[in-house]
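sequence and predicted structure are below.
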Amino acid sequence: MMISIRPASERGHFDHGWLDTWHSFSFSEYQDPAHTSYSNLRVINEDRVAPGRGFATHGHSDMEIMTYVLSGSLEHKDSLGNGSVIRPGDVQRMSAGTGVRHSEYNPSPEVPVHLLQVWLLPNRLGVVPGYAQRHYPQEARRGRLCLIMSPDGRDGSIDSHQDALVYATLLEAGEAVRLGLAPGRCAYVQVAAGGVRLNGLDLTAGDGARVQDESGVEIAAQGPAEALVFDLPG
């Protein structure tokens, strides 16, 4: 049995003024051979984007990209003709496939946007690019594991080209959730806000944890908390 904690303070960090970003895995200028990926999980970036600023149009290919907004709002436009504003509770998935270009901006003149962007390696290359967005209200995530992304779109989740089950949870102090792991599966937990105990180990906002050779993960909130949980191939 093994749980390896990735402390928030040890992630890659860059403050560009308009963008304050933390990288759990190697990304752009941050390269760490010990933290390049985990299973098919390639990127978890925690970004804070200043009002009225954002990422100019740029391209991606052969990647499943999920955006999860914690506070504020993010405006998305892409070469597929999609345009939307992503707010807390919204989950966006973009399958880059053969190639897509997009921009992401904070449309607010006053309020920063705080988000997690997750990249998963696709299970096959060269798929037709695709886009999906769905809202998961607080009551759907409160005190339970809400499935937000899966390979087949089960239980109201968004489908993706990868064998990954992604859950979101909102917990109050004393609440706990548990996810059983099938043989050959592993997990990654990313704490987005607050503090939790993961199988008896303390984690705080920004911390991540790799979970291997465990029968499951139990997350108990020590106060108001928010987390993403990934059920991944071992």
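That came in fine, so what should we check first?

alpha carbons only for contacts and neighbour counts from here, please
Will do.

point out where this protein drops to low pLDDT.
Counting by pLDDT under 70, the chain contains low-confidence ranges at 1.

might you report the residue contacts of the spatially most central residue of it?
Centroid check for the chain by Cα atoms, centre = their mean gives V118 as the closest residue, at 4.2 Å. Contacts for V118 (Cα atoms under 8 Å, 6 or more residues apart in numbering) come out as L41, R42, V43, I44, N45, I65, M66, T67.

repeat that for 6 Å
By Cα atoms under 6 Å, 6 or more residues apart in numbering, the contact list for V118 reads V43, I44, I65, M66.

surely the first one meets L121?
So the one you mean is V43. No - counting by Cα atoms under 6 Å, V43 stays clear of L121, with 9.2 Å between them.

the more surrounded of those two?
Remark: of V43 and L121, V43 carries more neighbours, 23 against 20, as counted by other Cα atoms under 10 Å.

what helix or strand is the more buried one on?
Using DSSP states H and E, V43 sits in strand 41-49.

still on that earlier bit, any idea what the residue nearest to the centre of the chain is bridged to?
I44, M66 (DSSP bridges).

ok, now how distant is it from E139?
23 Å (Cα to Cα, to the nearest Å).

check which helix or strand covers the residue at the greatest distance from the centre of the chain.
Here the centre of the chain is the reference, and by Cα atoms, centre = their mean the most remote residue is P109, at 25.3 Å. Using DSSP H and E, P109 maps to neither a helix nor a strand.

which secondary structure elements does the strand holding V43 contact?
The contact analysis (3 or more Cα pairs under 6 Å, 6 or more residues apart in numbering; DSSP states H and E) places strand 41-49 against strand 19-23, strand 113-120.

now that strand: buried residues?
For strand 41-49, the neighbour count (16 or more other Cα atoms under 10 Å) marks L41, R42, V43, I44, N45, E46, D47, R48, V49 as buried.

before we move on, what about stretch 120-140?
L120, L121, P122, N123, V127, P129, G130, Y131, Q133, Y136, A140.

quick one: contacts of it?
Applying Cα under 6 Å, 6+ apart, the external contacts of stretch 120-140 come out as 40-42, 62-64, 89-98, 161-162.

what are the phi and psi values for D155?
Note on D155: its backbone torsions stand at phi 50, psi 40 [degrees, to the nearest 10].

looking at the helices and strands packed on strand 41-49, which is nearest to A182?
Of all those, it is strand 113-120 that lies closest to A182, at 20.1 Å by Cα to Cα.

right, and the helix or strand after that closest one?
Next in line after strand 113-120, if elements are assigned by DSSP H and E, sits strand 130-135.

extract the C-alpha trace of that following strand and format it as CSV.
Extracted C-alpha coordinates of strand 130-135, given in CSV (Å, rounded to 0.1, in the frame of the first residue of the first chain):
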residue,chain,number,x,y,z
GLY,A,130,-14.7,17.7,-29.8
TYR,A,131,-16.0,19.9,-27.1
ALA,A,132,-18.5,19.5,-24.2
GLN,A,133,-19.6,21.6,-21.2
ARG,A,134,-21.9,20.7,-18.4
HIS,A,135,-23.0,22.3,-15.1
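
on that earlier part again, JSON lines for the buried residues of stretch 120-140, including distance to C186?
Compiled in JSON lines, the buried residues of stretch 120-140 are given as follows (distance: Cα to Cα, whole Å):
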{"residue": "L120", "distance to C186": "15"}
{"residue": "L121", "distance to C186": "16"}
{"residue": "P122", "distance to C186": "17"}
{"residue": "N123", "distance to C186": "17"}
{"residue": "V127", "distance to C186": "26"}
{"residue": "P129", "distance to C186": "28"}
{"residue": "G130", "distance to C186": "27"}
{"residue": "Y131", "distance to C186": "27"}
{"residue": "Q133", "distance to C186": "26"}
{"residue": "Y136", "distance to C186": "25"}
{"residue": "A140", "distance to C186": "24"}
